[in-house]
Structures are given as structure tokens and as C-alpha cells.
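Asks: Have a look at this prediction, sequence included:
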Amino acid sequence: MEKHNKKRASLRQYPVLLAFGLFFLGLFVLDLVTPDRAYSELENTTLAQRPKLTAPTADGLNNYFTGYTKYVKDQVFGRDEWISLQSFVETALFQKTENGGILLGKEHQMFPRTYSLLSSETRALPKNTAALESLCQRYPGKVNVMLVPAASVIYPENVPAGAPLLNEEPYLDQLSSAVQAAGGRFVDVRDPLRSHKDEYLYYRTDHHWTSLGAYYAYSQLCEALGLTPFDPAAHTALTRDGFYGTHYSKARTWNAVPDTITYYELQNALTIWNVTGPGQPTEGTTTGLYDTDKLNVYDKYAMFLHGNNGLSRVEGDGSGKILVIKDSYANCFVPYLTANYAAVDVVDFRNYNYGLDQLIADNDYDQILVLYSFDSFKGDPYLYRAGVAG
């Protein structure tokens, strides 16, 4: 009895150790009773699941314990709150200007830490440039290329001092020359965006431009093609606040200012095709332009065009047809084209595993628009398909 009393007395001499012991014991119990999550909506990532021991060998045990370590890290109770606390300590107390690979700039603007081309991008960039050149040569006078600069190009003053971000300007200049030399049209949106830089052109917490930024770029395309632009004043603008984007998912700053999604009330139909081969498919699902259910979840930007479909068609109010080859930057851009074309076909090579020639032959498009952010264009592993003839 006296020994037990001495043990309790000795433990009371170390209250911090006792508190930490009880804390981790409670955390362990909570982990046991809390169901595992398959997906973190806040981080937009799949979480590790409990691994299985496949073989009682040295390699099997090593793989099991490696997987189990990741599983415990991903499934820890209160994971989102722990990440937010870590971010608060690092940015508020230690005054870090970077967190999770995201640079924390002025005006609450976030920028991806992109200091140079990755080795994979040094290989992909010339291939993608060659694909654009081939497309322009195969369809002379019809191909328009719009590569959207990063927010850091338009707002360099908001980038943390001394951050040696990749200079996109020379690459955009080279691409402009290559496209025009091949018989295409390079729609340079840098000056239009800079002339409106005091407006809300890029999301603070996300890597996309806003609907307003897309509109100014769209107006530049209309000027190049001699089209009458979509009139925002003639349509009802709808908004949804509380948008935290991909940059926030990585940085998780405590003082992030949420963004606002803006879109226009349009009744145009969108058909998402079931693609089983090259050319124009015959079966699809028809719906509206927007998946408004996405406005109630974390990734609100996915509401535009119902996300990144392989091949879809928007029924427009104009005449003729245009083909848009794109990344997700085009998702909030395409609705404006309904004012100019009767049909806007949209291809996303991430989910469209074919070349374009048969599709173009089937539809006889008046114009072709290639719309990517430069950030995705420089490393896109699928865009080569645009350069494949036949």
C-alpha cells in the first residue's frame, strides 16, 4: 500500500507528464471509436485506410508499418483542427510567409510556390507546344490559343518579398510566336487583366481566376474574332460566399479571407456525352450549365459545367460552332460563349482519350479555342493528343 502511495506521489511531481499521458490516452481511445474517413473534403484528398499484412516477410512487415504510420496520421481524431492549429502557430506566432507549399502574400492572396520548371515540365512543355503548332497547321485560321498567366504575373506586388517565383513572361512570349508562326492566333490576356488589376480577377484562396477575370479575357477573344460580347447587365448575377479553394486546403491559414463564386442565371442546356470512341457520340445526359449542389460542398468551383467532363456540348444562343479544348480555367469562361455560338463543344483530355480530327470533321467548327492556365499547360501529360493527326 505504501508503495502505491509513493508511486502516486511521484506521478504528482510531474503534472505535465501526467497531463500528456492522459491526453494521448484519451486521443487513442477517441481514435478507436471514431469511424475512419475515406476522403478529406477540406484538403481535397483521399485518406489512407487501415493496411493489411500481406506477407510475414521483412518487406511485407516494412510495407505494413509504413502504411500503418500513414494511416494513423491520416485518421487521427480532429485531423482538420490539428492542421489548422499548426498553421496558426507557424504563420501567426512564427510569422512564416509560406505554409504547405503556398506563399502567403499581401491582401490575403495566396500563391503556389513555383520557383522553376520541374523536370517533367521541361519535357512536357516542348511536346505541348508542338501539339499546338500541329493543330494550328492542320486547321489554319481557325485555332485560337489563350494561356492564362498565374495571379503572381498580374499581382507581383502581393507576392512575399524575395520569393523567386517562375517568370512566365518569356514562356508566354515564345508560345505566342510559335502559335502565330504555325498559322494560329494567340489571344494574349496579360494586358487586359493588368488594366483591370484593381478588380477581383483571381480567387485569393484558389488557383483559378474568377468569373470576372474570365470575362475580361473572353472580351479580348471577342475583339480578336469580331464578336459582340456577352452582356452581363442583361443577365441576373448570382453569388455564393464562403468559398475556400485549393490553396487554402494546403496552407490552412487561420486568417484566410473566403472567396465569392459569381455566375449568371442562364437556361442553356449542357449535354455530357458518353464517349466510347473518336468522333461525335450519340448518347449523353442533358442537364443545366451548373451543378448547384456543389455550392453546398467544399469544392464550390466544381459547379461550373458540372466539373471536368471528357466531352460535353453547351447549347448556345448564337450561330455556328466552336470547340473548346481546355483545363478547368475554361469552366467559368464557357458560359459567356453561349452569346456567340449555337453549339459550344468542350473537350478535357484528362477524360477524353482520343485525337480531335474525327470530332472536328463531324462538326465542321467555325473556331477552335485552346484555353489553359500556363501553370497546367507547362506540365499537362495529355495535351499531346491535340497534335495527333488522324
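Replies: The structure has been received and is ready for your questions.

Asks: How many residues are close by residue 271?
Replies: When counting by other CB atoms under 10 Å, one arrives at 18 neighbours for residue 271. The C-beta positions use only the backbone N, C-alpha and C, and glycine is treated the same way.

Asks: quick check, it in a helix?
Replies: No: per DSSP: H, G, I helix; E, B strand; the rest coil, residue 271 lies outside any helix segment and is strand.

Asks: who's in contact with it?
Replies: 284, 285, 286, 287, 312, 313, 315 (CB atoms under 8 Å, 6 or more residues apart in numbering).

Asks: neighbour-wise, which of those residues leads?
Replies: residue 312 (27 neighbours).

Asks: Quick check: neighbours of the helix or strand harbouring it in the sheet, parallel or antiparallel?
Replies: Using DSSP states H and E, residue 312 maps to strand 311-315. Using DSSP bridges, strand 311-315 pairs in its sheet with strand 269-273 (antiparallel), strand 343-347 (antiparallel).

Asks: Convert the first one to PDB, retaining C-alpha atoms only.
Replies: What follows is strand 269-273 as a C-alpha-only set of coordinates in PDB (Å, rounded to 0.1, in the frame of the first residue of the first chain):
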ATOM      1  CA  ALA A 269     -28.600  23.100 -71.800                       C
ATOM      2  CA  LEU A 270     -25.400  21.100 -71.300                       C
ATOM      3  CA  THR A 271     -25.100  17.600 -72.600                       C
ATOM      4  CA  ILE A 272     -22.400  15.400 -71.100                       C
ATOM      5  CA  TRP A 273     -21.600  12.800 -73.800                       C
END
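
Asks: returning to what we had before: mind putting the strands paired with strand 311-315 into a markdown table with distance to residue 296 and mean pLDDT?
Replies: Shown next, in a markdown table, are those (distance: least, CB to CB, whole Å; pLDDT from 0 to 100):
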| stretch | distance to residue 296 | mean pLDDT |
| --- | --- | --- |
| strand 269-273 | 20 | 97 |
| strand 343-347 | 24 | 98 |
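
Asks: So which of the ones you listed is the most surrounded?
Replies: With neighbours defined as mean count of other CB atoms under 10 Å, the strands paired with strand 311-315 peak in mean count at strand 343-347, which reaches a mean of 24.

Asks: gap between that strand and the chain center?
Replies: When C-alpha coordinates are averaged (CA atoms, centre = their mean, to the nearest Å), strand 343-347 and its chain have centres 20 Å apart.

Asks: next one: the helix or strand following it to chain centre, how far?
Replies: Downstream of strand 343-347, the next assigned helix or strand under DSSP H and E is helix 357-363. Remark: helix 357-363 is offset 29 Å from the chain centroid, using CA atoms, centre = their mean.

Asks: Checking the closest residue to residue 328 other than its chain neighbours next. Helix, strand or coil?
Replies: Excluding its sequence neighbours, the residue lying closest to residue 328 (CB to CB, 6 or more residues apart in numbering) is residue 308, at 5.8 Å. The three-state assignment at residue 308 reads coil, by three-state DSSP.
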